[in-house]
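>>> Predicted coordinates and the sequence they were generated for:
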Amino acid sequence: MIPSRRTCSYQPLFGLHPGRLHDRRPALHLVGQKCRVLLRRPGLRIEAELRHAGDELRRLQGSVERGVEVLDDRGRRAGGREHAGREGERELRARLYRKIGQTWARQRQNLREALIAYAEAEAILGPEPAEDVTRWQQEWVQIQLDRLMALYIANSTREMERLIVQIRPLISQHGSPVQRGQFHQAVVTAAYRRDHYVVSDETLHAAKASVDAYRKAGALSEQQCLAQFSLGFSHLWRGEFDEAEVALSKALALAEQIGDAANRVLCLTYLTVLYRKRGRTDEVSRYVALSRAACVDARMPPYAAVADANEAWLAGRQGDLSAAQVKAAAALEALSAWPIAYPFLWVALWPLVGAAAAWGETEQAVGHARAMLQETQQPLPEPLRSDLETAIAAWDTGSVAVARKQLDRAIAIAIGLGFL
C-alpha cells in the first residue's frame, strides 16, 4: 500500500488550485500541444530533448494525435473519465504527462512546467485501485522518482527528503533495478544539497548502490551514466582522487558511447577540477579545452564559467597573475549569476585571493576569502577554513599584519591542496 498522501502534494510549489487539475483538457491533447510547441521553438535541439525523455516521448511526434483519437474515442464510447482507469489507459495518460515533465525538467529553466506536468500525471493516475495494483504502483513510483530530480535541480532539499522517506518502503519491496538505481541516486543528490557536498560514508554507499542497481538492469542509459558520474563526484569531494578518476573516466566513456552530451559536460568539467587538485597542469590545459567545447555542443554555457575558473588557476600556476585575475573575475561573475548558488565558487575565488595577496591588496583578498565561507558554499577543509576565519577576524579588528600573515599561511596550504 502507498503511504497516506494527497492526490497532488506539490500544488503549493507552482500555485495550482486542486480543482483545476481535472478541469484541463484531456491529458493526451495537452501532450500533443506541448510537443508541437517544442517543435516550433527556435534554437532547441529537439531530437536531443526527445531522446532525453525516453523512447515513448521520442515516438510522440508521429503518434500522439493517433493516441488522442483512439483514447478519446474509447472514452466517449465508454462513458468518459471512468473508462480512463481501464485497460491501463489511466496509466498511459499519466505516463505521457510524466514524459512531458521530464522534457521540461531537462531544460532546467522550466522547472515549474515540469512540476505541473508531474502533478497532472499524479492527478490523472488517481488513487490506488483495489485490483491490478502493480501497474499503478510502478507508474506512481516513477512519477515520484522523476519529480525528485526536478526537486534537486530546484534545490528543494526538504521536499526531496520527505518524498524519499515516503517512497522508500515501496522501492524496497517492489522497485525494479532501474527504479532502485534512480532512488539511490536521489538519496545521493539530496545528501549533496543537505551536506553542502561534504560526502559521508552513507552518501558514498548510496552512490555505489545506484551504480550496482543500474548494472543489474543491463541496458545502457543516461541515468546509468549519471549514477557513474555521481560515484566519481562523491570520491572527488572525499579526496579519493584515484577512485574519482577511475569512476569519472568510466562515466565519460559511457557518455560518449551513448551520445549523452549533458553528462559528458559534467564529466569533463570535474575531471578538470580533479586534475587541478592534483596539480597536473598538462591535463588541466587539455581538459579545459575539451570541457569548453563540450559546453558549446551541449548548449550548457554556465559550465563554461568553470572552465574559465580552471584556466585562471592554470594562468596563476604559470605565473601570469594578470591573466589569472581577469579570467577568475569573469568566471566568478558568471557563476554568481546561476539561479541556484553554485557551491564551488572557490574554483574562481582562490585565483583571485592569490593575485590580490601577491599585489598587496589585502582588503580584496579578505573579501574573496569571506565569499568562500558563505553558508551556500562547500566547506573548506581544515586547517584552511580556520586560517581564513582568523584572517577575516583579524582584518575586521584592524590587525592588518595578522590578517596578511594568516592569508599567506592559507595560500600555502591552498597551493598544496590544488585549490590555488
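Right, received. Where do you want to start?
>>> most centrally placed residue in the protein?
Ile153 (5.2 Å; CA atoms, centre = their mean).
>>> I'd assumed Leu115 was in contact with it.
No. Assessed by CB atoms under 8 Å, Ile153 is found out of contact with Leu115, at 10.4 Å. (Each C-beta comes from the backbone N, C-alpha and C, glycine too.)
>>> Wait, Gln325 touches Val353, no?
No. Using CB under 8 Å, Gln325 is not in contact with Val353; the gap is 10.4 Å.
>>> Tell me which of those two has more neighbours.
Neighbour comparison, Gln325 and Val353: the larger count goes to Val353, with 28 against 22 (by other CB atoms under 10 Å).
>>> Quick check: which helices or strands does the helix or strand the more buried one falls within pack against?
Using DSSP states H and E, Val353 maps to helix 346-358. Judged by 3 or more CB pairs under 8 Å, 6 or more residues apart in numbering; DSSP states H and E, helix 346-358 is in contact with helix 304-317, helix 321-336, helix 362-372, helix 400-417.
>>> Quick one: residues in contact with that helix.
For helix 346-358, the external contacting residues (CB atoms under 8 Å, 6 or more residues apart in numbering) are 273, 276, 305-306, 308-310, 312-313, 315-316, 321-322, 324-325, 327-329, 331-332, 335, 362, 364-365, 368-369, 371-372, 377-378, 380, 404, 407-408, 411, 414, 419-420.
>>> From Cys267, how far off is Ala355?
29 Å (CB to CB, to the nearest Å).
>>> Between those two, which has more neighbouring residues?
A direct count of neighbours by other CB under 10 Å for Ala355 and Cys267 places Cys267 higher, at 30 against 26.
>>> any idea how far the closest residue to the more buried one other than its chain neighbours is from Leu268?
Spatial nearest neighbour of Cys267, excluding adjacent residues (CB to CB, 6 or more residues apart in numbering): Leu252 at 3.9 Å. Noted for Leu252: a distance of 7 Å to Leu268, by CB to CB.
>>> can you check Val296 too?
For Val296 relative to Leu268 (CB to CB), the value is 12 Å.
>>> before we move on, what about Leu125?
Look at Leu125 and Leu268: by CB to CB, they are 39 Å apart.
>>> What of Arg276?
Applying CB to CB to Arg276 and Leu268 gives a distance of 13 Å.
>>> Also Tyr287?
Counting by CB to CB, the gap from Tyr287 to Leu268 is 6 Å.
>>> same deal with Leu163?
Going from Leu163 to Leu268 by CB to CB gives 31 Å.
>>> Of the two, give the one with the bigger neighbour count.
Using other CB under 10 Å as the criterion, Leu163 and Leu268 rank with Leu268 on top: 25 against 21.
>>> Which residue lies closest in space to the more buried one, excluding its sequence neighbours?
For Leu268, ignoring the flanking residues on the chain, the nearest one in space by CB to CB, 6+ apart is Ser291 at 3.8 Å.
>>> Surely that neighbour touches Ala309?
No. Contact status for Ser291 versus Ala309: not in contact, 11.1 Å apart, counting by CB under 8 Å.
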